[in-house]
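Undergrad: Predicted model and sequence below, questions to follow.
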Number of protein chains: 2
Amino acid sequence: MNNHPFLEYTKKYIDLTAEEETLLLSKVNQRHYLKDQYVTQQGDVCKSACFIISGCTKTFYMDEEGQKHIILFSIEEWWTSDLGSFTSQTPSDYNVQCIENTKFIQFDYDILEELYIEIPKLERLFRKIAERAFVASQKRILRNFSLTAKERYLFFKDTYPKIEQRVPQYMIASYLGITKEFLSKIKSQIIQNQ
Amino acid sequence: MNNHPFLEYTKKYIDLTAEEETLLLSKVNQRHYLKDQYVTQQGDVCKSACFIISGCTKTFYMDEEGQKHIILFSIEEWWTSDLGSFTSQTPSDYNVQCIENTKFIQFDYDILEELYIEIPKLERLFRKIAERAFVASQKRILRNFSLTAKERYLFFKDTYPKIEQRVPQYMIASYLGITKEFLSKIKSQIIQNQ
DNA sequence: CGTCTATTTGAATGTACTCAAAAGCGGTGG
DNA sequence: CCACCGCTTTTGAGTACATTCAAATAGACG
């Protein structure tokens, strides 16, 4: 049996039987989005959670002045979607848009609720995923407070080298919470000091 | 049967039978800490998750320069502890210290793991708690990027009036990611503009 | 080669920080 | 009851980090 990337991923957290794996895969559908396509739009209820098989997305918020703030990049083996909107089935605060052609599997809300009943272990899986996501998010808050823009950029570069290479610089600036001009200055400063 | 605050809290997420409630309460212990006492220290493995019955704590990180960064205040009906350290049983990045005399119930790691088996519904409870915490954390990241210090302070005041009244101003400044001097200037500015 | 978008550079500005000192405030003891 | 102590908050001057706006340069693509 050829291993599905999502099943590989679940093995880090829980053990599923072959029957459970089959049931799980039978209930999700695979989708293909092109570069620049929107997966979710601000104001819509997010009806599905998406696990990325290949590609890259950004999750961003557009404020009253029309400024975009990227809060998350997602690549292979990661999730995308506005979890808040998805879990509460209320309108989303964020947009999710593909930065590359992106292939993912989709868990529809109602189907996932069914799956929680059919395979209770999934509660554990998603508990662990949410716990890890929360921990990572808290650490990011801390970095935003305790590090300068330059240090945050270097951290990002070190920690997510794959993302840094695949995403335009002005989006990275947005993710770091600085302007594209300032990130450019930081980079030239780093080059000079070596 | 007199209702325990924690059981009231669980009702928002799951339904427990009377037997499950009794079992649950039999496995947790109640603790009482005094003002300024530490619940967790940076470097220690966080062996228990604490649900606050009454009182108030701060979770903070001490950086290399000895600067404290408060990442979380916890009051009644909230959790305290370094979730990352607790779930992975690795040394903690944070300190948790009481701001007031604080009463809470403690879930020891091993006992909670047992409880997950005895009461599988708890997986669901803690999944939902973690999901909510993650969503709130993401929103805070967004506010830190899109709002000025003054706007963040006003948001904090509006959203957590109880905390604002109970916690010294210099700690609020730390939570907001600004200096105590600057928060003082913000406050005098707000008073003048009205 | 021209066009569109992304990146770089520079000058002026603003937001928030550092350091130092003063003022306010609650508790304790003479 | 007042004086003093320690701790928190306020105020002010000088500074640093990051932004805005404008213009120049570089890269990607048809």
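TA: Yes, it's here. Remember, it's a predicted structure, so these values are computed and weren't measured experimentally. Numbers count the residues shown, from 1 in each chain, chains lettered A, B, ... in the order given.
Undergrad: is it true that A:Gln169 touches A:Phe182?
TA: No: using C-beta atoms under 8 Å, A:Gln169 makes no contact with A:Phe182, being 11.1 Å away. (Glycine included, C-beta is placed from N, CA and C.)
Undergrad: I'd like to know how many residues surround A:Thr87.
TA: 21 (other C-beta atoms under 10 Å in any protein chain shown).
Undergrad: a helix runs through it, doesn't it?
TA: Yes: counting by DSSP: H, G, I helix; E, B strand; the rest coil, A:Thr87 is found in a helix.
Undergrad: how close does it sit to B:Arg132?
TA: As judged by C-beta to C-beta, to the nearest Å, A:Thr87 and B:Arg132 stand 8 Å apart.
Undergrad: Contact partners for the closest residue in space to A:Gly55 that isn't next to it in sequence?
TA: Nearest non-adjacent residue to A:Gly55, counting by C-beta to C-beta, 6 or more residues apart in numbering or on different chains: A:Thr102, 2.8 Å away. Residues in contact with A:Thr102 (C-beta atoms under 8 Å, 6 or more residues apart in numbering or on different chains) are A:32-33, A:35, A:39, A:52, A:54-57.
Undergrad: What parts of chain A come near chain B?
TA: A:61, A:63, A:67, A:69, A:71-72, A:83-84, A:87, A:93, A:116, A:120, A:123-124, A:126-128, A:130-135, A:137-142, A:144-146, A:177 (C-beta under 8 Å from any C-beta of the partner chain).
Undergrad: filter these by proximity to DNA strand D?
TA: A:Gly177 (C-beta under 7 Å from any atom of the strand).
Undergrad: Of the residues of chain A next to chain B, which qualify as buried by neighbour count?
TA: A:61, A:69, A:71-72, A:83-84, A:87, A:93, A:116, A:123-124, A:126-128, A:130-135, A:137-142, A:144-146, A:177 (16 or more other C-beta atoms under 10 Å in any protein chain shown).
Undergrad: can you list the weak-confidence ranges in chain A?
TA: A:1-2, A:194 (pLDDT under 70).
Undergrad: Walking through it, point out its helices one by one.
TA: Assigned by DSSP state H, the helices in chain A fall at A:5-10, A:18-26, A:83-88, A:109-118, A:121-146, A:149-159, A:161-166, A:169-176, A:180-192.
Undergrad: Tell me which of these sits nearest to B:His4.
TA: helix A:121-146 (22.7 Å; C-beta to C-beta).
Undergrad: packing partners for that closest one?
TA: Packing partners of helix A:121-146 (3 or more C-beta pairs under 8 Å, 6 or more residues apart in numbering or on different chains; DSSP states H and E): helix A:109-118, helix A:149-159, strand B:68-75, helix B:83-88, helix B:121-146.
Undergrad: Is the third one positioned near DNA strand C?
TA: No: for a cut-off given as C-beta under 7 Å from any atom of the strand, strand B:68-75 has no contacts with DNA strand C; the smallest distance is 10.9 Å.
Undergrad: And that strand, how far out from the chain middle?
TA: 7 Å (C-alpha atoms, centre = their mean, to the nearest Å).
Undergrad: Name the strands paired with it and say parallel or antiparallel.
TA: strand B:56-62 (antiparallel) (DSSP bridges).
Undergrad: Pull out the buried positions in the partner strand.
TA: Neighbour count says strand B:56-62 has B:56-61 buried, by 16+ other C-beta under 10 Å.
Undergrad: next one: stretch A:32-50
TA: Result for stretch A:32-50 [16+ other C-beta under 10 Å]: buried residues A:33, A:39-40, A:42, A:46, A:48-50.
Undergrad: Output those as TSV; include the columns distance to DNA strand D.
TA: TSV is the format used below for these (distance: C-beta to the nearest atom of the strand, whole Å):
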residue	distance to DNA strand D
A:Tyr33	18
A:Val39	22
A:Thr40	26
A:Gln42	21
A:Cys46	29
A:Ser48	30
A:Ala49	31
A:Cys50	25
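Undergrad: In contact with A:Arg140, which residues?
TA: B:Ile141.
Undergrad: wait, which of the buried residues of strand B:56-62 is closest to B:Tyr160?
TA: Once C-beta to C-beta is applied, the member of these that ends up nearest B:Tyr160 is B:Cys56, at 10.9 Å.
Undergrad: these two touch, right, that closest one and B:Glu100?
TA: Yes: assessed by C-beta under 8 Å, B:Cys56 is found in contact with B:Glu100 at 4.6 Å.
Undergrad: Which residues are in contact with each of those two?
TA: Contact with both B:Cys56 and B:Glu100 is made by residues B:Arg166, according to C-beta under 8 Å, 6+ apart.
Undergrad: what's the distance between A:Asp158 and A:Arg152?
TA: From A:Asp158 to A:Arg152 the distance is 11 Å (C-beta to C-beta).
Undergrad: Which one of those two is surrounded by more residues?
TA: A:Arg152 (19 against 9).
Undergrad: What sits closest to the more buried one if chain neighbours are left out?
TA: A:Leu176 (5.2 Å).
Undergrad: Look up how far A:His32 lies from the residue nearest to A:Gly55.
TA: A:Thr102 is 8 Å from A:His32, by C-beta to C-beta.
Undergrad: Next, the contact list for A:Phe73, please.
TA: Residues in contact with A:Phe73, defined by C-beta under 8 Å, 6+ apart, are A:56-59, A:99, A:160, A:163, A:167, A:171, A:175.
Undergrad: Among the residues you listed, which one sits closest to B:Glu76?
TA: A:Thr59 (32.3 Å).
Undergrad: give the contact list for the residue nearest to the closest one when sequence neighbours are not counted.
TA: Distances taken as C-beta to C-beta, 6+ apart put A:Leu72 closest to A:Thr59, at 4.1 Å, once the chain neighbours are dropped. Contacts for A:Leu72 (C-beta under 8 Å, 6+ apart) come out as A:58-59, A:80, A:175, B:138.
Undergrad: Distance of A:Leu72 relative to A:Ile105?
TA: 18 Å.
Undergrad: For the residue nearest to A:Gly55, list each beta-bridge partner.
TA: A:Tyr33.
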